[in-house]
Structure formats: C-alpha cells, structure tokens
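J.: quick check, what structure comes out for this input:
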Amino acid sequence: MNNKIKFIFIFLALISVFYLIFVSPFFPNQNGNLGHDYDIWFPRMLSGVYHYFENGLTEIPWFTPSCCGGTLLYANPQYLFFSIPQFLNFYFDPITTIKITILIFASLGFLGAFLLTKNVFNLSKSSSIFMASFFLFNGFFAYRMIIGHLGYHSYMLLPFIAYFLFQPNQQASFTKNLFLAFSSSLLFSYVLYSGGVHLLLPISISLVAILLLALIQDIEVNDQKSRIIITMIFILCITASKLNISFETLETFARDYYPLPGIDGITYSLWVPIKSIFFGPFTWMDTNNIFTNSKWTIQRHELELSITFIPLMIIILGGTLTISERANLSRRQKIYSLGLFLLCLLPLLINFYNPTWNAILKDIPIIRNSVMLVRWYIIYIPLFLLIAAIILNKLKYKKFIIPILIILMIYMKYDEDKNYYLEQSYDPEMAITAYNTFKESLMVPTISHITNQRELEFKDGKRLQGRDEMMGFGMSQINCNESLFGYLHEDFKKKGLLQINTAVTNLSNERYNMKNPACYVFPEENNCSPGDHFTFEQKEELMSFVSYKGFDFNMTKEQHFFNWLSLIAFTISSFYILIYILKVFIFKVLN
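T.: As a prediction, the model looks like this:
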C-alpha cells in the first residue's frame, strides 16, 4: 500500500470515527432534539433560504422580517448568510445541513493541521498525523457544534490559514506567493462572513503564536513578509463591507451593559485552562463558583476544550529532556520564546478578575461588548499540539508510539461524559416542517402578523412548539431570540410600539406594525431613529420587505464604498486562485 492510499485510509477512518462519536448521537439526540442554540440558527438560515429564492445571491439580505417585527440579518455581525451551512441549506434540510457542515470542517481541520505540521514545521508524516488527529477531535469544535454555536465552525480553518500564510517559499515564484496570500485572505475573511466574529482575535493571536513557534524552531519565514502584508491588506478589503456594517450596528447595540466575568485568584486562573484543555470541563456548578462578576450561569460547553492529557504528558516529557540535555537557545530564539510566553499570558489576563483590571477591560473596544471570554483559551489548542508533535518527532520509535496514542485518545473521546449534550432540548420539528413545506410548494410565506404565540395546531390535529420558527407560517415573533437586543431584550428599541397578534399592515399614528430595520443602523440617512416603524408613506417598501424581497433604504457613503471594495477584492482574489489552479493542473497534464 503506497503512502497516499495509506493516508486516505487513515483520514477516512478518523473522520468516520469522529462522525460516530460526535455527530450521529446528537443530530438528533436520544429525545429527537438538538443543542439549545440551534433555535437561533434554524430560523435565520430559513430566512436566508427565503431571501435566496426571491433574490438570488446578487442582493445582500441586510434585514429580515422573519422575527422581532423586523430585524438585522447581514447587518448583524454574528449571522452567516454568506457561508457553507447557509448555502447547503438552500438544498438540504437543516439537520442534514449541519451534519455535512461539521464533516466538511472537521475534514478541513484535519488536512490543514497535517499540511501545517509537515510542510511548515517539517515534521514526519507520523508526527503530522498525530497533530491532525488530535486537532480533529478537539473539544471546542465538537461540543460547540453539538450545542449549536454554528458561527464557530470556521475555527477548523485555522491550520489551513497558517499553512498558506507561513509555507516556506525558497523557490516560490511571485505568482505562487500571490496564490498563497489570496488563499489565506479568503479563508480568514470567511471566518467573519460565516458568523465567527468572536473568533477573529483568538485566531489572529493563534497565528502569531504559530509564527513565533516556527521562528523558535529556526524555520525561516523572512521571505513570507510580503505574503503576510498582502494577506492583511486583502483581508481588510474583502471584509470591509461586513466590518463597517458591524461597527454601524454596534453603535446602536453596544451591549456593553453586562458585567464581564473573570476568575478571582491566580491559582484558578492557571488551573481552569489546564483542566479544560487537558482533563475535560468543569460542571456548571464548579464554573459558577470559580467565576465571579457574572450575571449569567456559565454552562459546561463554555469550557469544553479537551485535547486529552496525552499532549500534556508529551510536553512534560519534552521539557524534562530539554532541561537534562541543557539545550542551548540562540539569542533570537530566547527573544521569540519570551514573545510566545507573553502571548500565552493574554487569555489568562483577560479572564482574571480584579475590580480595577476589570474596569480597564470594560473600556477596551470589542472586549467590553463580550459576556464571556473563555473562548480565548482556544489559542492554546494548536500551540500545545504542535509542541507535542515536535517533541514526538524526536523519538526513535514514533511510528509505533503515535498509533497507540491516537487510539488511546479516541477511546478517551468516546468515553467522555456526554449526558449534558444528550439531554439538550431544542425541538427542531417546527423549523423542519416549515422548511419542507416551502420545498414542496416553493412559496415563500409572507409575514402578515406580529405574534407572541409559541404553539401551532395543524389540520391533522398535530401541535408543534416554536419561537422564531413562526416565520414559516407568516408570523414574526415579538419575543424573538436575538442576543443583539440583550438576553432579556434590554436593548430592543421601542419594542412596545409593536402590536401583538395584529397585522403588519395595521396603521397606528401613521406607523405600520413593522419595524424599519434600516433605522437600527442608518438612522440619520433614513431620517428616523432606532426602533422606528415603516411609515404610512412606505407601504410599498413594507410589502416588499415582508415578502423577503428587500426594500430601498439609504446607507452611508462609506458603506457604499466598502461594499464595492469587498466585491472587487473578493472577485480579484477568487479569480486569481481559480486561474492559478487551472494553470498548475494544465501544466501537470501536459507534462
């Protein structure tokens, strides 16, 4: 069996095991339910399906009438219209969509980690498979997907971004460097467009950490400076539209009124990430004793990061051998090591609680809008796995040791306590019924009423429970699941103006019973204030909006500029990548 066939066999075997452990039992679970946060994504993706059917991909779905009496879609930093799961949902039911999404990104995570370890860090195939296997089974991706944090699926692109960004190019031409820069730009930009706004900073810091580790290993990356600069420029250009509208949104919905929790004590500040990454999560009772200054219960999935204790044992072994051998580091390596150490302190610092320090954090943009920052611990996952792989690579019998370690890791993943996830409560039946009804009729249900109903009875006597899923039956839920408004709707602008169980065309004080969501983000340009409704002069816009056909509204000149900038940058980079791949393929065929 040649090496390529052997690698494909290992890859397929590991993906199959991943599916059996983390997908099959939970989509749906033993009660026919899903993770609780899918009650956000299924209705939003269905709204995207309706928009796509009515407008195609040429019209951006800035807003949606589907819930909250009219709210943000593309203009919401966390929503994912331009993403793989949304595109899959155009053709597959919601549960099948999630299953395929998980398998796609699990596969990309495995392949990216393998290529990064082998081609950037120059490790053996067996050591690279170790890195790829453990990254594939990391607890952050698996359990966040199970619980319903769909916006985090792009985390698995991190190794591929690093691979394209730091790949050695001693003999690389300018055309190849441009290909690598554009590839990393598109992948990083995808993180933002697919709802991974909370991953942007942790992934950026992870990339810097990987770069520093490569420099410590004396891997030459000086020639990649131009590639890194081009990548950063194109990331800013490609994401300009989404970034600008996100900042416009945050001007209205800062959501900085929640306290920022932290760990009150240096010992626990160190122990929490160590336990979460190497030994499994804390229970919700433990976390709520450890964290202070929190308004909300901190659930188990927030600290699901485990890569098992195996990498820790390898790192301890490697550290012992390094000390005993008195390894000498050059001055440059010492500087890079210090930089990496300081970088690793960041997740500890922002999760440490002290009243004075907490007040400083609450003044920092982006951080002050957060409710929980433990996700920053994901910076350690690829870093610790790479260090463990580097140490393993030095062992004489690694080809025999690594398969045993992978099998042990898989057993430990299989044996993890998953009862919390098996008892998740989101019933997707109403969302699936709405999706199937649309696929059969190809008729988009126009939003006709504002509702607070949570149950529907069908002609056959069947009753279904739902919330935002009421959109599938022509109703926009006033008690919607929209964290942008605050978890208790503290920032739902002028919510009281909406009339419950009343038609959207009902006029009161020259206002229709539907919010004009353009007022949330561009109030000055549209002569209104956040929370205002469509006026009696805007009936045509209202009827177009509730039919998912969008409506004309004014936006800032900056937003117009950034829309075009993003489109042009995306088109240039995409076409270049396509042409480069065709060129390489044709060259191989002819030779």
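J.: report the central residue of this structure.
T.: Among the residues of the chain, Y152 comes closest to the average C-alpha position under CA atoms, centre = their mean, at 2.3 Å.
J.: tell me who's in contact with it.
T.: The neighbours of Y152, taking CB atoms under 8 Å, 6 or more residues apart in numbering as the test, are F140, F141, R144, M145, G196, H198, L199. Any C-beta I mention is one placed from the backbone N, CA and C, and that applies to glycine too.
J.: tell me which two of those residues sit farthest apart.
T.: The distance between the two most remote of those (CB to CB) is 15.0 Å, for M145 and H198.
J.: and those two? Which one has more around it.
T.: Neighbours per residue, other CB atoms under 10 Å: of M145 and H198, the larger number sits with M145, 26 against 20.
J.: assign a three-state SS to Y258, would you?
T.: coil (DSSP: H, G, I helix; E, B strand; the rest coil).
J.: so which of the contacts of Y152 is the closest to F114?
T.: Checking these one by one against F114 (CB to CB), the nearest turns out to be F141, at 15.9 Å.
J.: narrow the contacts of Y152 to those in strands?
T.: Within the contacts of Y152, membership in strands is found for no residue, as judged by DSSP state E.
J.: please, where are all the strands along the stretch 1-150 of the chain?
T.: Under the criterion DSSP state E, counting those that start in this stretch, strands of the stretch 1-150 of the chain are mapped to 63-64, 71-72.
J.: ok, now the stretch 201-350 of the chain?
T.: Shown for the stretch 201-350 of the chain, the strands assigned by DSSP E, counting those that start in this stretch span residues 262-263, 291-292.
J.: K398 reaches S124, doesn't it?
T.: Yes. In this structure K398 lies within contact range of S124 using CB atoms under 8 Å: 6.9 Å.
J.: more neighbours: those two, which one.
T.: Neighbours per residue, other CB under 10 Å: of K398 and S124, the larger number sits with K398, 19 against 16.
J.: any idea how far the more buried one lies from G486?
T.: K398 is 52 Å from G486, where distance means CB to CB, to the nearest Å.
J.: what do you get for I102?
T.: For I102, the distance to G486 equals 30 Å [CB to CB].
J.: between those two, who's got more neighbours?
T.: Counting neighbours by other CB under 10 Å for I102 and for G486 shows that I102 has the greater number, 24 against 14.
J.: which non-adjacent residue is nearest the more buried one?
T.: Nearest-residue entry for I102: M145, 5.1 Å, with adjacent residues in sequence omitted and distances by CB to CB, 6 or more residues apart in numbering.
J.: max-length helix in the protein?
T.: Scanning the chain for the helix with the most residues, using DSSP state H, yields helix 557-590.
J.: and it, what does it pack against?
T.: Using 3 or more CB pairs under 8 Å, 6 or more residues apart in numbering; DSSP states H and E as the contact criterion, the elements in contact with helix 557-590 are helix 174-193, helix 225-238, helix 240-252.
J.: quick one, which of the ones you listed gets closest to T283.
T.: Across the helices and strands packed on helix 557-590, the minimum distance to T283, taken as CB to CB, is reached by helix 174-193, at 30.5 Å.
J.: in the closest one, what's buried?
T.: Of the residues in helix 174-193, those with enough neighbours to count as buried (16 or more other CB atoms under 10 Å) are 177-193.
J.: next one: stretch 564-578
T.: Within stretch 564-578, the residues that qualify as buried by neighbour count (16+ other CB under 10 Å) are L565, S566, A569, F570, S573, Y576, I577.
J.: in CSV: the residues you listed, plus distance to E304.
T.: Supplementary listing: the buried residues of stretch 564-578 in CSV, determined by distance: CB to CB, whole Å:
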residue, distance to E304
L565, 38
S566, 34
A569, 36
F570, 34
S573, 34
Y576, 39
I577, 34
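J.: neighbours around the nearest residue to L329 once chain neighbours are set aside, how many?
T.: Ranked by CB to CB, 6+ apart and with sequence neighbours excluded, the top spatial neighbour of L329 is S337, at 6.7 Å. When neighbours are counted by other CB under 10 Å, S337 registers 15.
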